[in-house]
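Participant: Build me a model from this:
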Amino acid sequence: MATTHALRFLRQKGVPHEAREYDHRVKGAAYAAQALDWPLAAMAKTLVAALADHTHCLCVLPGDVELSLKKLARATGVKSARMAEPGEAQRLTGYQVGGISPFGVRKRLPVWFHDTLPELDRIGINGGRRGLIVFLPPSDAIRVLGARVADLSA
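Facilitator: The predicted structure is shown next:
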(Lines give C-alpha, C1' and ligand atoms only; values in the text may rest on other atoms or scores of the structure.)
Protein backbone atom coordinates (compact mmCIF):
# COMPACT_ATOMS: atom_id res chain seq x y z
CA MET A 1 0.00 0.00 0.00
CA ALA A 2 1.47 3.33 -1.08
CA THR A 3 1.65 5.92 1.70
CA THR A 4 -0.22 9.22 1.48
CA HIS A 5 0.06 12.57 3.27
CA ALA A 6 -2.96 11.49 5.34
CA LEU A 7 -1.32 8.25 6.50
CA ARG A 8 1.94 10.09 7.28
CA PHE A 9 -0.02 12.69 9.28
CA LEU A 10 -1.77 10.01 11.34
CA ARG A 11 1.51 8.17 12.02
CA GLN A 12 3.30 11.40 13.00
CA LYS A 13 0.49 12.25 15.43
CA GLY A 14 0.52 8.71 16.87
CA VAL A 15 -3.12 8.09 15.99
CA PRO A 16 -4.00 4.38 15.85
CA HIS A 17 -5.86 3.56 12.65
CA GLU A 18 -6.49 0.79 10.17
CA ALA A 19 -6.05 1.52 6.45
CA ARG A 20 -8.07 -0.54 3.99
CA GLU A 21 -8.04 -0.41 0.20
CA TYR A 22 -10.89 -1.16 -2.18
CA ASP A 23 -11.35 -1.15 -5.93
CA HIS A 24 -12.49 2.44 -6.55
CA ARG A 25 -14.95 2.50 -9.44
CA VAL A 26 -17.48 5.10 -8.36
CA LYS A 27 -16.88 8.34 -6.45
CA GLY A 28 -18.71 8.64 -3.15
CA ALA A 29 -19.15 7.33 0.36
CA ALA A 30 -22.00 4.97 -0.61
CA TYR A 31 -19.78 2.98 -2.97
CA ALA A 32 -16.91 2.89 -0.46
CA ALA A 33 -19.25 1.72 2.32
CA GLN A 34 -20.63 -1.05 0.12
CA ALA A 35 -17.18 -2.12 -1.12
CA LEU A 36 -15.83 -2.35 2.45
CA ASP A 37 -19.04 -3.71 4.03
CA TRP A 38 -19.27 -0.73 6.37
CA PRO A 39 -22.43 1.16 7.43
CA LEU A 40 -23.00 4.29 5.32
CA ALA A 41 -23.78 6.33 8.45
CA ALA A 42 -20.25 5.51 9.71
CA MET A 43 -18.49 6.15 6.37
CA ALA A 44 -17.52 9.81 6.45
CA LYS A 45 -17.12 12.06 3.44
CA THR A 46 -14.91 15.16 3.45
CA LEU A 47 -16.25 18.22 1.62
CA VAL A 48 -14.51 21.53 1.00
CA ALA A 49 -16.64 24.64 1.50
CA ALA A 50 -15.90 28.27 0.66
CA LEU A 51 -17.15 30.81 3.18
CA ALA A 52 -18.39 34.37 2.55
CA ASP A 53 -15.37 35.81 4.41
CA HIS A 54 -13.10 34.40 1.64
CA THR A 55 -11.86 31.49 3.78
CA HIS A 56 -12.45 27.77 3.38
CA CYS A 57 -13.18 24.86 5.69
CA LEU A 58 -13.52 21.10 5.60
CA CYS A 59 -16.81 19.44 6.50
CA VAL A 60 -16.83 15.80 7.58
CA LEU A 61 -20.27 14.21 7.36
CA PRO A 62 -21.73 10.72 7.37
CA GLY A 63 -22.18 9.33 3.86
CA ASP A 64 -25.96 9.42 4.21
CA VAL A 65 -26.15 13.11 5.24
CA GLU A 66 -26.34 16.11 2.90
CA LEU A 67 -24.52 19.30 3.92
CA SER A 68 -26.65 22.33 4.78
CA LEU A 69 -24.72 25.39 3.61
CA LYS A 70 -27.02 27.58 5.73
CA LYS A 71 -26.21 25.63 8.90
CA LEU A 72 -22.51 25.69 8.03
CA ALA A 73 -22.61 29.48 7.53
CA ARG A 74 -24.41 29.90 10.86
CA ALA A 75 -21.90 27.63 12.67
CA THR A 76 -18.92 29.48 11.21
CA GLY A 77 -20.42 32.92 11.79
CA VAL A 78 -20.51 34.05 8.16
CA LYS A 79 -23.33 35.26 5.93
CA SER A 80 -23.18 32.40 3.44
CA ALA A 81 -21.23 29.36 2.24
CA ARG A 82 -20.89 27.45 -1.01
CA MET A 83 -19.27 24.23 -2.11
CA ALA A 84 -15.74 24.75 -3.39
CA GLU A 85 -15.15 24.10 -7.09
CA PRO A 86 -13.24 20.83 -7.74
CA GLY A 87 -10.05 22.66 -8.82
CA GLU A 88 -10.25 24.92 -5.78
CA ALA A 89 -10.69 21.90 -3.45
CA GLN A 90 -7.74 20.09 -5.03
CA ARG A 91 -5.50 23.18 -4.80
CA LEU A 92 -6.31 23.72 -1.12
CA THR A 93 -6.07 20.10 0.03
CA GLY A 94 -3.50 18.60 -2.32
CA TYR A 95 -5.91 15.71 -2.86
CA GLN A 96 -7.92 14.64 -5.88
CA VAL A 97 -11.71 15.02 -5.58
CA GLY A 98 -13.02 11.62 -4.52
CA GLY A 99 -9.88 11.14 -2.42
CA ILE A 100 -9.98 14.19 -0.14
CA SER A 101 -9.00 13.47 3.44
CA PRO A 102 -9.10 15.92 6.35
CA PHE A 103 -5.67 14.60 7.41
CA GLY A 104 -2.44 16.02 5.99
CA VAL A 105 -4.02 18.67 3.78
CA ARG A 106 -1.76 21.07 1.90
CA LYS A 107 -3.27 24.20 3.52
CA ARG A 108 -4.42 23.87 7.12
CA LEU A 109 -8.16 24.51 7.15
CA PRO A 110 -10.71 24.59 9.97
CA VAL A 111 -12.54 21.27 10.21
CA TRP A 112 -16.20 20.76 11.14
CA PHE A 113 -17.62 17.33 12.02
CA HIS A 114 -21.33 16.56 11.80
CA ASP A 115 -22.70 16.02 15.30
CA THR A 116 -23.69 12.35 14.82
CA LEU A 117 -20.14 11.16 14.10
CA PRO A 118 -18.73 11.55 17.66
CA GLU A 119 -21.44 9.13 18.89
CA LEU A 120 -19.90 6.26 16.86
CA ASP A 121 -17.13 3.91 17.99
CA ARG A 122 -15.31 3.94 14.63
CA ILE A 123 -15.68 5.76 11.36
CA GLY A 124 -14.21 5.20 7.93
CA ILE A 125 -12.74 8.30 6.31
CA ASN A 126 -10.74 8.87 3.16
CA GLY A 127 -7.05 8.13 3.50
CA GLY A 128 -5.80 10.59 0.91
CA ARG A 129 -6.49 8.88 -2.39
CA ARG A 130 -9.34 7.20 -4.17
CA GLY A 131 -9.77 3.62 -2.96
CA LEU A 132 -8.15 4.10 0.48
CA ILE A 133 -10.15 4.41 3.71
CA VAL A 134 -8.79 4.73 7.23
CA PHE A 135 -10.81 3.50 10.20
CA LEU A 136 -10.42 5.15 13.59
CA PRO A 137 -12.43 6.45 16.54
CA PRO A 138 -14.03 9.79 15.63
CA SER A 139 -12.83 11.23 18.95
CA ASP A 140 -9.21 10.70 17.82
CA ALA A 141 -9.90 12.37 14.47
CA ILE A 142 -11.62 15.35 16.11
CA ARG A 143 -8.81 15.75 18.66
CA VAL A 144 -5.92 15.56 16.19
CA LEU A 145 -7.63 17.91 13.72
CA GLY A 146 -8.82 20.39 16.36
CA ALA A 147 -12.23 19.98 14.76
CA ARG A 148 -15.45 21.56 15.93
CA VAL A 149 -18.75 19.69 16.02
CA ALA A 150 -22.14 21.00 14.83
CA ASP A 151 -25.37 19.88 13.19
CA LEU A 152 -24.56 20.38 9.51
CA SER A 153 -27.36 18.30 8.01
CA ALA A 154 -29.72 19.60 5.35
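Participant: low-scoring stretches of the protein, by residue?
Facilitator: The model of the chain has pLDDT under 70 over residues 1.
Participant: Just give me the residue right at the centre of it.
Facilitator: residue 46 (2.6 Å; C-alpha atoms, centre = their mean).
Participant: Which parts of this structure are strands?
Facilitator: Using DSSP state E, the strands found in the chain span residues 18-21, 44-51, 56-62, 81-83, 111-114, 123-126, 132-136, 148-150.
Participant: Bridged to the residue nearest to the centre of the chain, which residues?
Facilitator: In this entry, residue 46 is beta-bridged to residue 60, by DSSP bridges.
Participant: residue contacts, it?
Facilitator: When contacts are counted by C-beta atoms under 8 Å, 6 or more residues apart in numbering, residue 46 touches 58, 59, 60, 100, 101, 102, 125, 126. C-betas here are computed from N, CA, C, even on glycine.
Participant: now the nearest residue to the fifth one once chain neighbours are set aside: how far from residue 62?
Facilitator: This points to residue 101. Closest residue in space to residue 101, ignoring its immediate chain neighbours: residue 6 at 3.9 Å, by C-beta to C-beta, 6 or more residues apart in numbering. Look at residue 6 and residue 62: by C-beta to C-beta, to the nearest Å, they are 19 Å apart.
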